[in-house]
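Participant: pasting the sequence and the predicted model now:
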Amino acid sequence: MRNKMWKFLEILILIIAVLSAAGAIAFIVSTDNLAQLGARPKGARLERMKRSPNFDGKVFLNPIYTDMSFGFGTYYKMIKRLLPGSEIRRAKNPLPIVRLESTAFNPELSKGLRICWMGHSSVLVEIDGKRILTDPIWRDRCSPSSLAGPRRSHPPPIALEELPRLDAVLISHDHFDHLDKNAVCTLAKTGVKFFVPLGVGVHLDKWGIDSTQIIVFDWWDSFDFDGSGFQLVATPARHFSGRRIIGGYNSTLWVSWVIIGPKHRVFFSGDTGKFPGMTDIGERFGPFDLTMIIIGAYSELWPDTHLNPEQVVDAHLALRGKTLLPVHWGTFRLAFHDWFEPPNRLLAAAAEKGVRCIIPRPGQMVSFSNLPPVERWWEKYH
């Protein structure tokens, strides 16, 4: 038994060493990677963090206890899962995106509600005369390296430079699949404002973004655009943060977002696990015409920090949502389930509880004046 254990440890150490060496080489030879890491909070931004009731002096805390420990057994399961398994973790062929042209966007915004899922957690929301983009990631890999890390399964439906004028960019947290330096720097040239959680502003400072374009939020902070009743509110989530392997863990905050227009209301979950706060948000700001909630990258190895599809349906109901748009699936391989499992499980759970869903192709514009039925387009790409 002892010999078998030592043999396993030797193999485990070898795998870790090979992966670490490959990652280090890819990181060193790629360009722009050190800047991708951002910076550590300091100065006025650090002082602002210290005043937060959600900061214990070293790290930010979740609304409820969240188990982030990884014992030997968990690492063993993780290594096993990293090896090829029976799951189909990536589409065999590029997914069917809808190629967007700049002419797809009416320069005269309507007073209604329209959305376009760009992939992963990036959604363009047209609401009551304003355009808001969530967690824009146009990078080929959600990683600090251009040579290593999870790669996109489909290209973005439109180039960043071809996007219409934006009124706001919302960032939920600083993980690489939600905060893309290159996208931020490109969008910043348009003068758009970035609404970010505590601590994340220091990354944008390092990337040269003008301080007047960075609006920083703690949980429950709000921003009134122009006195017309259009507001953004940063609401709690249950997750974690960090862009560095060593240091920086939970040194920035993570949020969900509430978008309140004169006529419509939208909720964006960012990354989150299950917690009672969804009910609080629904009571304070619901009902929501649309909830945009993560359904992918769940696992029994991290049950507290990502919702599974059945929990997403319950969260939607707690938020008092009318229509549910699932996000955070299909674009990057970030977990061990079949890539097409999340929408299938979601639709089954939604049918049981009478929840209306929309699952458009990336790049497909959806107007809430004429919601399309769900077409299981992903089933052709298993």
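Facilitator: Great, that's in hand.
Participant: list the buried ones in stretch 279-290?
Facilitator: The neighbour-count check on stretch 279-290 (16 or more other Cβ atoms under 10 Å) flags 280, 281, 282, 285, 286, 288, 289, 290 as buried. All C-beta atoms are positioned from the backbone trio N, CA, C, and that covers glycine.
Participant: mind putting those into a markdown table with distance to residue 363, secondary structure and pLDDT?
Facilitator: Formatted as a markdown table, these follow (distance: Cβ to Cβ, whole Å; DSSP: H, G, I helix; E, B strand; the rest coil; pLDDT from 0 to 100):
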| residue | distance to residue 363 | secondary structure | pLDDT |
| --- | --- | --- | --- |
| 280 | 34 | helix | 98 |
| 281 | 29 | helix | 98 |
| 282 | 30 | helix | 98 |
| 285 | 29 | helix | 98 |
| 286 | 29 | coil | 97 |
| 288 | 24 | strand | 98 |
| 289 | 22 | strand | 98 |
| 290 | 18 | strand | 98 |
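Participant: show me which of those is closest to residue 169.
Facilitator: Of all the buried residues of stretch 279-290, the one with the least separation from residue 169 (Cβ to Cβ) is residue 290, at 18.2 Å.
Participant: who's in contact with the nearest residue to residue 179 once chain neighbours are set aside?
Facilitator: Leaving aside its chain neighbours, residue 179 sits nearest to residue 171 (5.7 Å; criterion: Cβ to Cβ, 6 or more residues apart in numbering). With contact taken as Cβ atoms under 8 Å, 6 or more residues apart in numbering, residue 171 is in contact with 135, 178, 179, 194, 195, 196, 197, 200.
Participant: can you list the low-confidence ranges for this protein?
Facilitator: Across the chain, the ranges flagged by pLDDT under 70 are 1-32, 70-86, 89, 107, 245-247, 382.
Participant: tell me how it divides into domains.
Facilitator: Domains of the chain are assigned by automatic domain parsing as 1-20+72-79, 112-369.
Participant: closest one of the contacts of residue 171 to residue 210?
Facilitator: Nearest to residue 210, judged by Cβ to Cβ, of the contacts of residue 171 is residue 194 at 10.0 Å.
Participant: ok, how many other residues are close to the closest one?
Facilitator: 22 (other Cβ atoms under 10 Å).
Participant: quick one: it from residue 214, how far?
Facilitator: Using Cβ to Cβ, to the nearest Å, residue 194 is found at 5 Å from residue 214.
Participant: find the residues that touch each one of these two.
Facilitator: Counting by Cβ under 8 Å, 6+ apart, the residues touching both residue 194 and residue 214 are residue 204.
Participant: picking up where we left off before, so can I have CSV of the domains of the chain showing distance to residue 48?
Facilitator: Converted to CSV, these look like this (distance: least, Cβ to Cβ, whole Å):
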stretch, distance to residue 48
domain 1-20+72-79, 35
domain 112-369, 6
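Participant: looking at the ones you listed, which one is packed in the most?
Facilitator: Ranked by mean neighbour count under mean count of other Cβ atoms under 10 Å, the domains of the chain are led by domain 112-369, which reaches a mean of 20.
Participant: endpoints of that one, how far apart?
Facilitator: 8 Å (Cα to Cα, to the nearest Å).
Participant: same check on stretch 248-268?
Facilitator: 25 Å.
Participant: for it, the distance to its chain's centre please.
Facilitator: In terms of Cα atoms, centre = their mean, to the nearest Å, the gap separating the centre of stretch 248-268 from the centre of its chain is 11 Å.
Participant: and what of stretch 139-153?
Facilitator: Worked out by Cα atoms, centre = their mean, stretch 139-153 lies 15 Å from the chain centre.
Participant: how about that stretch as PDB, C-alpha atoms only?
Facilitator: Extracted in PDB, the C-alpha atoms of stretch 139-153 (Å, rounded to 0.1, in the frame of the first residue of the first chain):
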ATOM      1  CA  ARG A 139      -9.400  37.600 -26.000                       C
ATOM      2  CA  ASP A 140      -8.700  34.200 -27.600                       C
ATOM      3  CA  ARG A 141      -7.700  32.700 -24.200                       C
ATOM      4  CA  CYS A 142      -9.000  33.500 -20.700                       C
ATOM      5  CA  SER A 143      -5.500  33.500 -19.400                       C
ATOM      6  CA  PRO A 144      -2.600  36.000 -19.000                       C
ATOM      7  CA  SER A 145      -0.800  34.100 -21.800                       C
ATOM      8  CA  SER A 146      -1.700  34.100 -25.500                       C
ATOM      9  CA  LEU A 147      -0.200  30.600 -25.800                       C
ATOM     10  CA  ALA A 148      -1.800  28.700 -22.900                       C
ATOM     11  CA  GLY A 149      -5.100  28.600 -21.000                       C
ATOM     12  CA  PRO A 150      -8.700  27.800 -22.000                       C
ATOM     13  CA  ARG A 151      -9.300  28.800 -25.600                       C
ATOM     14  CA  ARG A 152     -12.500  30.200 -27.100                       C
ATOM     15  CA  SER A 153     -14.800  27.700 -28.900                       C
END
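Participant: quick one: the helices in this structure, in order.
Facilitator: Here the chain has its helices, by DSSP state H, at 2-29, 33-36, 43-50, 72-82, 181-188, 201-206, 277-285, 309-318, 341-353.
Participant: so what does the fifth one touch, helix or strand wise?
Facilitator: Here helix 181-188 touches strand 194-197, helix 201-206, going by 3 or more Cβ pairs under 8 Å, 6 or more residues apart in numbering; DSSP states H and E.
Participant: and residue 379, which of those is closest to it?
Facilitator: strand 194-197 (36.4 Å).
Participant: and that closest one, which strands flank it?
Facilitator: According to DSSP bridges, strand 194-197 forms sheet pairs with strand 168-170 (parallel), strand 214-217 (parallel).
Participant: who touches it?
Facilitator: Strand 194-197 has contacts (Cβ under 8 Å, 6+ apart) with 168-174, 184, 187-188, 204, 209, 213-218, 223, 232, 234, 241, 252-255, 257.
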